[in-house]
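Provide a 3D model corresponding to the input given below.
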Amino acid sequence: MKALPLALLVVAPAMASEQTYIKLLESDVSVEVNPQQQYKHFDESPIWDTLNKEGWQAAKQAAGNQPISESLSEEIHYRSSLAQLETAIANKQITQSNQLLRENPQWVTCSRIQWAWLDLQQETQSGYGPNSKQKLSNLLSGCPKHGLSTTQKALGWTNAYASSDILTRYKNSSSYNAVDYEKLAYQANLARLSQQRLNANQTHSASQLISQKKDATGAELLGWQHLKNKQYSTALAWFDKSIGWTETPSRKQIEGKILSLQQLGKIDEAKRYQQLWSSRYPSLKTLDANSQSPKLAKACQSDPQQCLELLYKNKSLSAEQHALAGWQWYEMDRPLTAKRSFEKALEKMDSGNKQYETTQYGYTLALNKAGFEQHAEFLANNLADPSQKILYAKQRETKAILNAYEKQDYQYVIDHSENFEQAYGKEVGLAEIKGWAYYNQKQNNKAVETFRELVDAYPHDENLQDALKTAECAQKKSYKRCY
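Purely as a prediction, here's the structure:
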């Protein structure tokens, strides 16, 4: 037999090893093939433990330059990006949020549900429009296991106006549960109760349901509703019920009762109650019937006229108080007076003040509303917060639509209202104007559709009901049968 060269004898074991490995593969055994120099044993389970217990930063540091697996590397990268996205959304850093979402569309999945939720939350920050609705529907249909949580989060991220649509989408999804739906609907009603004033019918319905459930939170919210409406006896009754249905009353419950007693002239009883609870809640000591500060805080939340009256009782106003006055004048649709108040605030306010950017934003809004569009545009471009730029653009578009309606340019109203809804979501006032624009353009089917959607969302609003009836009569071309 011919002798083999020495070099061939040296590599023969390696070839035999490779042949054995190939046979393993042929036997359907899964073995990962790596370059010879990477065949090293490395247990990365401690790094996974670190990742789950201490977070991605600690895991990244623990990994160092070691040869970790692609799955571990991907997980660290995901959790790092998730933390960045959470921070960007919390701080309303829209540009950064959108960039992170654009760079990582592969994470909008059920297995990465937290990323998918943040994607939905980012979309809702500019309003509950078509994109938000589509993303919500996609999550409800694609990730039914997370349907309830997704619905709860969507309700928390949007205003009360959106709750009806969100609940309907949940009800129509495969994750629908009747008991959970009832709880969500009740919570949505409470949110509506806390965000807006209710009419008599809505208040009556809420009262019945809250009494039936003996819900302390709902009773407290009704108390504040009646207190704002200066129905002090009814407010006191609801605060008493709220306290009675709670094991340990909160400061706000006690505060509501004290303020109700003060407004009813029951000063001695208010003081006794105040002394009883001030050791647990020291801030209650400031609720003096003769003190303006709690009154001012309450008034500025819901009654701009009263807020201004209390503010101007002071001999001089601070920069912050001038800014507060500016916002109140703006709420009362007095943009020129608001403009002057914001100017006084900015003159006194240091640029490092926490309220400086917000005050500058208010000044920009007042300028635009007062007709100083060019100056407002210049200041808007210099706003540091991207979300404020978006809100300014939203106000500018709103004003343009209203002006067009006053000029009877109904087609402009229709076209730009639809663009507005796509960009920012629906606004009740603009949606109603769009409905009337359809009506005036004799597009009665669309007018009925628009008003019916509003009536479904606000079933007790008589103005919207009348608008729908008018549009339906026009649709039938018979007003005699309608009135």
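
can you map out the helices along the stretch 151-300 of the chain?
163-171, 178-195, 200-213, 216-228, 232-244, 251-263, 267-277, 293-302 (DSSP state H, counting those that start in this stretch).

and the nearest residue to G256 once chain neighbours are set aside, what is it in contact with?
Leaving aside its sequence neighbours, G256 sits nearest to F239 (C-beta to C-beta, 6 or more residues apart in numbering; 4.4 Å). Quick note: C-beta positions are derived from backbone N, CA and C, even for glycine. Contacts for F239 (C-beta atoms under 8 Å, 6 or more residues apart in numbering) come out as A219, E220, G223, Q253, G256, K257, S260.

quick one on the thing from earlier: just put the helices of the stretch 151-300 of the chain in a markdown table and tack on mean pLDDT.
Output for the helices of the stretch 151-300 of the chain, formatted as a markdown table (pLDDT from 0 to 100):
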| stretch | mean pLDDT |
| --- | --- |
| helix 163-171 | 91 |
| helix 178-195 | 79 |
| helix 200-213 | 80 |
| helix 216-228 | 87 |
| helix 232-244 | 93 |
| helix 251-263 | 89 |
| helix 267-277 | 87 |
| helix 293-302 | 70 |
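
what comes up buried for the strand or helix carrying K135?
Under the criterion of DSSP states H and E, K135 resides in helix 130-142. Neighbour-count burial for helix 130-142 flags N131, S132, K133, K135, L136, L139, L140 (criterion: 16 or more other C-beta atoms under 10 Å).

quick check: the first one touching E123?
Yes - N131 lies in contact with E123 (C-beta atoms under 8 Å); the separation is 5.3 Å.

for the closest residue to W157 other than its chain neighbours, give me its contacts.
Of all residues not flanking W157 in the chain, T124 sits nearest, at 4.5 Å (C-beta to C-beta, 6+ apart). With contact taken as C-beta under 8 Å, 6+ apart, T124 is in contact with S132, A154, W157, T158, G425.

next one: N177
Residues near N177 by C-beta under 8 Å, 6+ apart: L148.

pLDDT wise, what is it at?
Note on N177: pLDDT of 92.

how far away is it from P144?
Separation of N177 from P144 (C-beta to C-beta, to the nearest Å): 11 Å.

do the same with R396
Distance from R396 to P144, by C-beta to C-beta: 41 Å.

the two: which has the busier surroundings?
R396 (18 against 15; other C-beta atoms under 10 Å).

show me what contacts that one?
N368, E373, A376 are the contacts of R396 under C-beta under 8 Å, 6+ apart.

now the buried members of these.
Going by neighbour count (16+ other C-beta under 10 Å), the contacts of R396 have N368, A376 buried.

turn the contacts of R396 into CSV, including distance to E309 and pLDDT.
Formatted as CSV, the contacts of R396 follow (distance: C-beta to C-beta, whole Å; pLDDT from 0 to 100):
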residue, distance to E309, pLDDT
N368, 27, 81
E373, 32, 73
A376, 29, 72
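
which ones among the contacts of R396 lie within helices?
In helices, defined here by DSSP state H, the members of the contacts of R396 are N368, E373, A376.

ok, the first one touching Q395?
Yes - A contact is recorded between N368 and Q395 when judged using C-beta under 8 Å, the distance being 6.3 Å.

now do the shared contacts for N177 and P144.
Common neighbours of N177 and P144 are not found (criterion: C-beta under 8 Å, 6+ apart).

what's the neighbour count on the closest residue to G55 other than its chain neighbours?
Leaving aside its chain neighbours, G55 sits nearest to R79 (7.2 Å; criterion: C-beta to C-beta, 6+ apart). R79: 18 surrounding residues under other C-beta under 10 Å.

so which strand or helix has R79?
Applying DSSP H and E, one finds R79 within helix 70-90.

what's that helix in contact with?
For helix 70-90, contacts defined as C-beta under 8 Å, 6+ apart pick out 44, 47-48, 51, 55-57, 59-60, 63, 93, 96-97, 100-101, 104, 107, 112, 114-115, 118, 121-122, 125.

can I get the CA coordinates of the helix or strand following that helix in CSV?
Remark: after helix 70-90, the chain's next helix or strand is helix 94-103, criterion DSSP H and E. Presented in CSV, the C-alpha positions along helix 94-103 are these (Å, rounded to 0.1, in the frame of the first residue of the first chain):
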residue,chain,number,x,y,z
ILE,A,94,-42.6,63.2,19.3
THR,A,95,-39.7,63.2,16.9
GLN,A,96,-37.7,60.7,18.9
SER,A,97,-40.7,58.5,19.5
ASN,A,98,-41.6,58.3,15.8
GLN,A,99,-38.0,57.6,14.9
LEU,A,100,-37.8,54.7,17.3
LEU,A,101,-41.1,53.3,16.0
ARG,A,102,-40.0,53.7,12.4
GLU,A,103,-36.7,51.9,13.0
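
now the angle from helix 94-103 to helix 70-90?
Interaxial angle, helix 94-103 versus helix 70-90 (axes from the mean of the first three to the mean of the last three C-alpha atoms, to 10 degrees): 150 degrees.

what's helix 94-103 packed up against?
Applying 3 or more C-beta pairs under 8 Å, 6 or more residues apart in numbering; DSSP states H and E, one finds that helix 94-103 contacts helix 70-90, helix 113-124, helix 386-406.

alpha carbons of the shortest one, as PDB, please.
This means helix 113-124. The C-alpha coordinates for helix 113-124 follow below in PDB (Å, rounded to 0.1, in the frame of the first residue of the first chain):
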ATOM      1  CA  ILE A 113     -47.000  43.600  23.300                       C
ATOM      2  CA  GLN A 114     -45.400  46.400  25.400                       C
ATOM      3  CA  TRP A 115     -43.900  47.900  22.200                       C
ATOM      4  CA  ALA A 116     -47.200  47.500  20.400                       C
ATOM      5  CA  TRP A 117     -49.000  49.300  23.200                       C
ATOM      6  CA  LEU A 118     -46.500  52.200  23.100                       C
ATOM      7  CA  ASP A 119     -47.000  52.400  19.400                       C
ATOM      8  CA  LEU A 120     -50.800  52.900  20.000                       C
ATOM      9  CA  GLN A 121     -50.100  55.300  22.800                       C
ATOM     10  CA  GLN A 122     -47.900  57.500  20.600                       C
ATOM     11  CA  GLU A 123     -50.600  57.500  18.000                       C
ATOM     12  CA  THR A 124     -53.300  58.700  20.400                       C
END
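
list the buried residues for that helix?
Buried residues in helix 113-124, counted by 16+ other C-beta under 10 Å: I113, W115, A116, W117, L118, D119, L120, Q121, Q122, E123, T124.

same deal with stretch 330-344?
So for stretch 330-344, counting by 16+ other C-beta under 10 Å, buried means Y330, R334, P335, T337, A338, K339, R340, S341, F342, K344.

now do stretch 367-383
In stretch 367-383, counting by 16+ other C-beta under 10 Å, buried: L367, N368, K369, A370, F372, A376, L379, A380, L383.

of those residues, the lowest pLDDT goes to which?
The model is least sure about L383 among the buried residues of stretch 367-383, giving it 69.

of the contacts of R396, which is the nearest to Q360?
Nearest to Q360 among the contacts of R396 is A376, at 11.2 Å by C-beta to C-beta.
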